[in-house]
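S.K.: With the sequence up front, the predicted model follows.
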Protein chains: 2
Amino acid sequence: MSAAKTILERLAGDSLPDWHLVESALRRKTLAPGECLFLVGVAHPVVYFVKSGVIKMVYETYDGDAWVKAFAAEGRFFASLAGLSPGGVTSFSAVAACSTSVESLPYPLLDQLGDKHPQWQRALRKGFELYGFRKEARERDLLTLSAEQRYRRFIEEHPLIAERVTDRDIAGYVRVTPVALSRIKARIKLRQREENDAS
Amino acid sequence: MSAAKTILERLAGDSLPDWHLVESALRRKTLAPGECLFLVGVAHPVVYFVKSGVIKMVYETYDGDAWVKAFAAEGRFFASLAGLSPGGVTSFSAVAACSTSVESLPYPLLDQLGDKHPQWQRALRKGFELYGFRKEARERDLLTLSAEQRYRRFIEEHPLIAERVTDRDIAGYVRVTPVALSRIKARIKLRQREENDAS
DNA sequence: ACCGCTCATTAACCCAGGTTAACGCTGACC
DNA sequence: GGTCAGCGTTAACCTGGGTTAATGAGCGGT
């Protein structure tokens, strides 16, 4: 069973017709740590499904900084929305944060299936709904939490990702430099020690 | 012609069947500056369409800070995605940033229409797609730009909103305190004056 | 005209995080 | 085994933004 099928049927809440069309369009790819799935600024109307490992989605600035928009681990799907619409280009790069294997589907095919079958249209709508929902949560964290709070939340909510990616990438996700993250970790450790001493 | 119809048909790229059902469910509301459209944490499966004015979507933290997630001016639609799904509650509050009039539709009706007509399902999907697209841009700005850059971009891209809302709200959107925004503005003005003197 | 309110600005002080650089560790490659 | 590169940590210094407080401008209410 492909990862894509599991993920899409969970979205649809139903089995999906014409699956053979999808099956033959499905591509599998394995990436070594640091290997690039797609670059920013290219036409790339493709949806990815993560089978194992972790993909990081990265924004790069002119001055060479790289900030991590999001991680996607097993069971997640993702795409650059900007790169899906005709004529659009990706707004970020996708890079393997550790050994990772993914499946991919061309978005035009999904779009066609959506026009043909209500189950597919529904799956796509739910997909965008979920995607928007995640972005909303991320946006809220960036707006309302401090750097230390964002770090703590990430460790709590994604311990399995945290142990597989470098601190450098975690820093990029928390939106601080690696140096600052190191200080934050030291601060937390210090406070824990103080609490233990007090008790 | 209602604002909702214009916006939804633009999304669908088509005319929408069963519009009379929508028409009778449509509610119009006018808000004074500072008046609240809905509060955070309530079940509120409603989609809004802005006819005139500006709505600000606000995250409030425990310690009383209020950060502006987004503004919606005429021609925009919005909703709390978290508040749309059954059993979910809104993740932010919506408040009029100036005199504003809006139209609203219950989401369950739209969901039903989506199951019934492909044109509606398509409109909804495009709606979520667009919503996600906007979040993606906002997320990128928060990750990759400095406070000053975020301010400049906001002024450039939304001059018509900027002139209708308070600096306090702009500060909340840029994610700095009003004091810091004032300093940023002073810094920009100072630099402009220096440039003029040099020439 | 007066009051009271909110908003924008400015100053003073403080602190978290950015920057640069040094150091040690580990793991890949020869 | 030796070399080299990248990572995480720590220290020193600097800066942008948070905090608090004072001031003044604008404005609705009486």
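M.R.: Structure's in. What do you need?
S.K.: What count of nearby residues applies to the nearest residue to A:Asp18 once chain neighbours are set aside?
M.R.: Leaving aside its sequence neighbours, A:Asp18 sits nearest to A:Leu113 (Cβ to Cβ, 6 or more residues apart in numbering or on different chains; 6.2 Å). Every residue, glycine included, has its C-beta placed from N, CA and C. By the measure other Cβ atoms under 10 Å in any protein chain shown, the count of residues near A:Leu113 is 22.
S.K.: Next: the one 10 residues further on.
M.R.: Other residues within reach of A:Ala123 by the criterion other Cβ under 10 Å amount to 23.
S.K.: That one: helix or strand, and which one exactly?
M.R.: According to DSSP states H and E, A:Ala123 maps onto helix A:118-144.
S.K.: again with A:Pro33
M.R.: Per DSSP H and E, there is no helix or strand for A:Pro33.
S.K.: ditto for A:Tyr48
M.R.: Per DSSP H and E: strand A:46-52 holds A:Tyr48.
S.K.: Now do the buried residues in the helix or strand following that strand.
M.R.: With elements assigned by DSSP H and E, the helix or strand that comes after strand A:46-52 is strand A:54-60. Residues of strand A:54-60 classed as buried: A:Val54, A:Ile55, A:Lys56, A:Met57, A:Val58, A:Tyr59 (neighbour count, 16 or more other Cβ atoms under 10 Å in any protein chain shown).
S.K.: what about strand A:54-60 and chain B, any contact?
M.R.: Yes: applying Cβ under 8 Å from any Cβ of the partner chain, one finds that strand A:54-60 is in contact with chain B at A:Tyr59.
S.K.: quick check: mean pLDDT across that strand?
M.R.: The pLDDT scores in strand A:54-60 average 95.
S.K.: List the strands paired with it, with their directions.
M.R.: strand A:66-73 (antiparallel), strand A:93-96 (antiparallel) (DSSP bridges).
S.K.: A:Ala171 against A:Ala180, yeah?
M.R.: Yes: between A:Ala171 and A:Ala180 there is a contact under Cβ atoms under 8 Å: 7.1 Å.
S.K.: more crowded one of the two?
M.R.: A:Ala171 (21 against 15).
S.K.: Domain-wise, how is chain A divided?
M.R.: Annotated domains of chain A cover A:3-144, A:145-199 [automatic domain parsing].
S.K.: any residue of the last one up close to DNA strand C?
M.R.: Think domain A:145-199. Yes: judged by Cβ under 7 Å from any atom of the strand, domain A:145-199 and DNA strand C are in contact via A:Ser146, A:Ala147, A:Glu148, A:Arg175, A:Val176, A:Thr177, A:Val179, A:Ala180, A:Arg183, A:Ile184.
S.K.: Please report phi then psi for the first one.
M.R.: Backbone torsions of A:Ser146, given as degrees, to the nearest 10, read phi -80, psi 170.
S.K.: Report the contact partners of the spatially most central residue of chain A.
M.R.: Nearest to the mean C-alpha position of chain A, counting by Cα atoms, centre = their mean, stands A:Ala72 at 3.1 Å. Each residue near A:Ala72 by Cβ atoms under 8 Å, 6 or more residues apart in numbering or on different chains is listed here: A:Tyr48, A:Val50, A:Val54, A:Ile55, A:Met57, A:Phe78.
S.K.: Widest-spaced pair of those residues?
M.R.: Within these, A:Tyr48 and A:Val54 form the most distant pair, 12.4 Å apart (Cβ to Cβ).
S.K.: and chain A, which residues reach DNA strand D?
M.R.: Counting by Cβ under 7 Å from any atom of the strand, chain A comes close to DNA strand D at A:Thr166, A:Asp167, A:Arg168, A:Pro178, A:Val179, A:Leu181, A:Ser182, A:Arg183, A:Lys185, A:Ala186.
S.K.: Just among the residues you listed, which is most surrounded?
M.R.: Within the residues of chain A next to DNA strand D, most neighbours by other Cβ under 10 Å means A:Leu181, with 21 neighbours.
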